[in-house]
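Asks: 3D, please:
(one chain, ligands or ions: 1)
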Amino acid sequence: MSQNEVDRGKRRFLIAATTAVGGIATVGVAVPFLASWMPSQRAKAAGAPVEVDIGKVEPGMILNVEWQGKPVWIVNRTKEMMDLLANHDGQLVDPKSEAQQQPEYCRNATRSRAEHANILVAVGICTHLGCSPSEKMKAGPVSGLGDDWPGGFFCPCHGSKFDLAARVYKGVPAPTNLVIPPYKYLSDNRILVGDDSKGA
Ligand code: FES
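Replies: Purely as a prediction, here's the structure:
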């Protein structure tokens, strides 16, 4: 074999080796990136935060999402709904949310973050024995819960009632308000359920 043929052979080998390394490097970069923004089903079940676009949740509407295998309600409360929250404290077990059922920033009458007080984020699991309450968000007799019903949620299992701040009524089996999960706003229309750390 001549020196020229040996050199050509070396060049072909180097080009092939470089291409193969480049291909491996590309896969090596892409996979961790995808993995970093798409949590696996197992990670989700274990508690990965869930990002939710709430831009299409019109006033008076509710959006159901899943976090840690639990239903989470996101309710865009209208002004009328917010006004009605103030009228029935005497019928509630914990109207000021003093029990440990919410993060500190939701320990208030609306049980929501101050910067978006109209948005309720609540775990939709009854604090009695864990059924999922039904939405009864319309006020008044159409709810079947009385003329003065201000809107809220009704647990069909044993009759517990919660208002639109997920606060429990007196005289029902559920002992406490529904749980408010940790959450934070990424922008006006995006929230992260399950994470309230600063930044990001
Ligand atoms: S589980 Fe809801 S009232 Fe019993």
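
Asks: how about the residues of the protein that lie near the ligand?
Replies: The interface of the chain toward the ligand, taken as CB under 6 Å from any ligand atom, is made up of 126, 128, 129, 130, 131, 155, 157, 158, 159, 160, 173, 174. Using the backbone N, CA and C atoms, a C-beta is placed for each residue, glycine as well.

Asks: Grab the two from the residues you listed that are most spread out in space.
Replies: 130 and 159 (14.8 Å; CB to CB).

Asks: more crowded one of the two?
Replies: residue 159 (14 against 10; other CB atoms under 10 Å).

Asks: Please name the spatially closest residue to that one (chain neighbours excluded).
Replies: On the basis of CB to CB, 6 or more residues apart in numbering, the spatially nearest residue to residue 159 that is not a chain neighbour turns out to be residue 172, at 5.9 Å.

Asks: Verify the stated contact: the one you found with residue 160.
Replies: Yes. Counting by CB atoms under 8 Å, residue 160 is a contact partner of residue 172 at 4.1 Å.

Asks: any residues in contact with both of the two?
Replies: Both residue 172 and residue 160 are contacted by residue 128, under the criterion CB atoms under 8 Å, 6 or more residues apart in numbering.

Asks: Residue ranges of each domain in the protein, please.
Replies: Described in terms of automatic domain parsing, the domain architecture of the chain consists of the residue ranges 3-38, 44-193.

Asks: Where among those domains is average confidence lowest?
Replies: The minimum mean pLDDT among the domains of the chain belongs to domain 3-38 (a mean of 46).

Asks: what about residue 185, neighbour count?
Replies: Other residues within reach of residue 185, judged by other CB under 10 Å, total 15.

Asks: buried stuff in the helix or strand harbouring it?
Replies: Counting by DSSP states H and E, the element that carries residue 185 is strand 183-187. Counting neighbours by 16 or more other CB atoms under 10 Å, one finds that the buried residues in strand 183-187 are 183, 184.

Asks: Just the buried ones out of the residues of the chain next to the ligand, please.
Replies: Applying a neighbour-count criterion of 16+ other CB under 10 Å, the buried members of the residues of the chain next to the ligand are 126, 128, 155, 160, 174.

Asks: Many thanks, we can stop here.
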